[in-house]
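# coords please:
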Amino acid sequence: MAAARFDAVPTRWPADGAANPDTTALIVIDMQRDFCDPDGYVARLGYDVAPLRAIIPSLRAVLEGMRGWGAIVVPTREGHRPDLRDLSRLKAARSRRGGAEIGTAGPLGRFLVRGEPGWQIIPELAPAPGEAVIDKPGYCAFHATELEAILRHRGIRRLMLCGVTTDVCVHSTLRSAVDRGFDCAVVADCCAATEPAHHAAAIGTIQTEGGLFGAVTTSEAVLRALPGRTPETN
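Numbering: from 1, shown residues only. Coordinates of the predicted model:
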């Protein structure tokens, strides 16, 4: 499959040439019912989930495009063991103060507990057969997971990131990926935060200092660049 290069800021991505599908992965972060459903964890914290749901059509288009290009897709899910042994006291206390203590019962089962309905990825973005789903107990997808081992084993060098929330789990994963030497791009309109200002600030931070944490692109730019779709504009 042909290589691709994507319009982005502060520079086109990758900056050093073109990306090949066999060395590129799309990381889809935490598009779960607990975050995106009106009956889920985030809604119980008092936030409007409409901004999180608004990205679903664009993200689905990018997901299908990247699959068709041949890149590997790695969805993630945040959640804890049913016995909560992997839940820190500090994280539990924060969720309690917010009004939706992790592990307590909600309309979609126990909040952020593995195996519960709310922990599942939303049907619109369901993993394809054979895709390795990363189950993570923290915000960063590299923390206490096999993500890095999977990426290294597959020879992945470049990561495109989407999902929720921009300022927490997406940014935590992005920063950790950069420290590990991965070349990263974030698809801005395929990410969302519970507060629009937090999303804007998180996206702006990526672009500083010549691309401190990589590049920022859009779903339109991704789809335009993928071989077999509308030809990329040089």
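# so who does residue 209 touch?
Applying C-beta atoms under 8 Å, 6 or more residues apart in numbering, one finds that residue 209 lies in contact with no residue. Using the backbone N, CA and C atoms, a C-beta is placed for each residue, glycine as well.
# mind listing what's buried in the helix or strand where it lies?
Under the criterion of DSSP states H and E, residue 209 resides in helix 196-211. Buried residues in helix 196-211, counted by 16 or more other C-beta atoms under 10 Å: 198, 199, 202, 203, 205, 206, 207, 211.
# Look up the closest residue to the fourth one, ignoring the ones flanking it.
Sequence neighbours aside, residue 188 is the residue nearest to residue 203 in space, at 5.2 Å (criterion: C-beta to C-beta, 6 or more residues apart in numbering).
# And the first one, by the same measure?
Nearest residue to residue 198 in three dimensions, chain neighbours excluded: residue 167, at 4.2 Å (C-beta to C-beta, 6+ apart).
# Make sure that neighbour is indeed in a helix.
Yes. Assessed by DSSP: H, G, I helix; E, B strand; the rest coil, residue 167 belongs to a helix.
# hang on, the earlier thing: a markdown table for the buried residues of helix 196-211, including pLDDT and distance to residue 112?
Shown next, in a markdown table, are those (pLDDT from 0 to 100; distance: C-beta to C-beta, whole Å):
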| residue | pLDDT | distance to residue 112 |
| --- | --- | --- |
| 198 | 98 | 20 |
| 199 | 98 | 21 |
| 202 | 98 | 21 |
| 203 | 98 | 25 |
| 205 | 97 | 26 |
| 206 | 98 | 26 |
| 207 | 94 | 31 |
| 211 | 96 | 33 |
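# Other residues contacting stretch 138-154?
Stretch 138-154 is contacted by residues 25, 27, 29, 72, 74, 76, 78, 86, 91, 132, 134-137, 159, 168-169, 172-173, 175-177, 180, 182 when judged by C-beta under 8 Å, 6+ apart.
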